[in-house]
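Visitor: Let's see this in three dimensions:
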Amino acid sequence: MIGRAMRDRWIATATAVLLAASLAPPALAGSDQAATSAYLQADHRLVSTVTSRIARIEATLRGVLAGVRSECPRAAAGSPQDGQSTQLSNEVIGAMITAVVALDRPAGHAFVAATEHLRWSSRALTRTIQSYVGKVRTLSALAQPRLCADVRAWASAGFHALPPSTVSFSPLFMSAWVAAGELPAGLAASETPGERPLIARTERMEAQLTELEAREVQTWGQIMNALELWP
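Guide: Now for the predicted structure:
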C-alpha cells in the first residue's frame, strides 16, 4: 500500500499541476489560429498597398535612373571590380528600394504594428515571421542614400576607400532587403478554409510584384551602366 506521506505528496503534486493548467494560456491551437488570421490580414493589406502603386513605383525608379544620368554620369569611370564596387552596387539597389519605400512609409509601419506582437506555438514559425517583420521595420526606417555623392567620394579616394555612408548603409540594407509579402508554409497548419480566398488574392498580387522586380533588374543595369560601376 502507498504510505500516507507519499499519497499526500502525490495529491499535492496533482493539485499543483491542475492549478497550473487552469492558469496557463488558452489552447495553443486557438491562439495559433488568431495569430495566423491577424498576420494574413496585415500581409494582405501591405501587399495590396504596394501592388496598387506599381505605376508610381515604375515612374519613381525611372526617376532614380534619370537622376544618375543627369547628376553623376560616369562617376565611377575607371573603377575596379572588387568588394568595394560590390558594396556600391548594393547601394544602387538600396537607392532604388528606399525610393519605393518612401512612397508610403505608413504602410510598412502599419504592417509592423499589426504583426510584431504575434506569436505561434511553433517557435520556428514565430522566428521566421518576426525576422521578416524586423526587416520590414528596418526598411521602413532607412533613409535614401546619397548615391551620386557616395560614388564621387569613392572616386575622389582613388577607388581605394568607400565613404562611411556606404560602409554603414550597404550591409544594413542588404541584411534587411525583403520583398513585400511573406507567407511561410508553416501558416497552413492554422489557416481556416474561409481564409483561402484571401491567401489566393495575396499570392496573385505577390506574383505581380515578382514580375515587377524582374522588370526592374533592367533599370538597375541601366543605372550601373550610367555610373560605369561594375558589381
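
Visitor: Identify the residues contacting the closest residue to residue 100 other than its chain neighbours.
Guide: Counting by C-beta to C-beta, 6 or more residues apart in numbering, the nearest residue to residue 100 once its immediate chain neighbours are dropped is residue 57, at 5.2 Å. Where you see a C-beta, it was placed from the backbone N, CA and C, and this is true even at glycine. Contacts for residue 57 (C-beta atoms under 8 Å, 6 or more residues apart in numbering) come out as 50, 100, 103, 212.

Visitor: do the same with residue 209
Guide: Contact partners of residue 209, counting by C-beta under 8 Å, 6+ apart, are 47, 50, 51, 54, 179, 180, 181.

Visitor: So it: helix, strand or coil?
Guide: Three-state call for residue 209 (DSSP: H, G, I helix; E, B strand; the rest coil): helix.

Visitor: For the residue nearest to residue 100, give its distance to residue 218.
Guide: Distance of residue 57 to residue 218, computed by C-beta to C-beta, to the nearest Å: 14 Å.

Visitor: quick check, nearest of the contacts of residue 57 to residue 34?
Guide: Here the nearest of the contacts of residue 57 to residue 34, counting by C-beta to C-beta, is residue 50; it sits at 25.3 Å.

Visitor: Just the C-alpha atoms of the host helix or strand of the closest one, please, in PDB.
Guide: Using DSSP states H and E, residue 50 sits within helix 28-51. C-alpha atoms of helix 28-51 as PDB (Å, rounded to 0.1, in the frame of the first residue of the first chain):
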ATOM      1  CA  LEU A  28      -2.300  27.000 -28.400                       C
ATOM      2  CA  ALA A  29      -4.300  25.800 -31.400                       C
ATOM      3  CA  GLY A  30      -6.800  28.700 -30.900                       C
ATOM      4  CA  SER A  31      -4.000  31.200 -30.300                       C
ATOM      5  CA  ASP A  32      -2.200  30.000 -33.400                       C
ATOM      6  CA  GLN A  33      -5.400  30.500 -35.500                       C
ATOM      7  CA  ALA A  34      -5.800  34.000 -34.100                       C
ATOM      8  CA  ALA A  35      -2.200  34.900 -34.800                       C
ATOM      9  CA  THR A  36      -2.400  33.500 -38.300                       C
ATOM     10  CA  SER A  37      -5.600  35.400 -39.100                       C
ATOM     11  CA  ALA A  38      -4.100  38.700 -37.900                       C
ATOM     12  CA  TYR A  39      -1.000  38.100 -39.900                       C
ATOM     13  CA  LEU A  40      -2.800  37.100 -43.100                       C
ATOM     14  CA  GLN A  41      -4.900  40.300 -42.900                       C
ATOM     15  CA  ALA A  42      -1.900  42.500 -42.300                       C
ATOM     16  CA  ASP A  43       0.200  40.900 -45.000                       C
ATOM     17  CA  HIS A  44      -2.700  41.300 -47.500                       C
ATOM     18  CA  ARG A  45      -3.000  45.000 -46.700                       C
ATOM     19  CA  LEU A  46       0.700  45.500 -47.200                       C
ATOM     20  CA  VAL A  47       0.900  43.600 -50.500                       C
ATOM     21  CA  SER A  48      -2.400  45.300 -51.700                       C
ATOM     22  CA  THR A  49      -1.000  48.800 -51.000                       C
ATOM     23  CA  VAL A  50       2.300  48.100 -52.800                       C
ATOM     24  CA  THR A  51       0.600  46.500 -55.800                       C
END
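
Visitor: Good, wrapping up.
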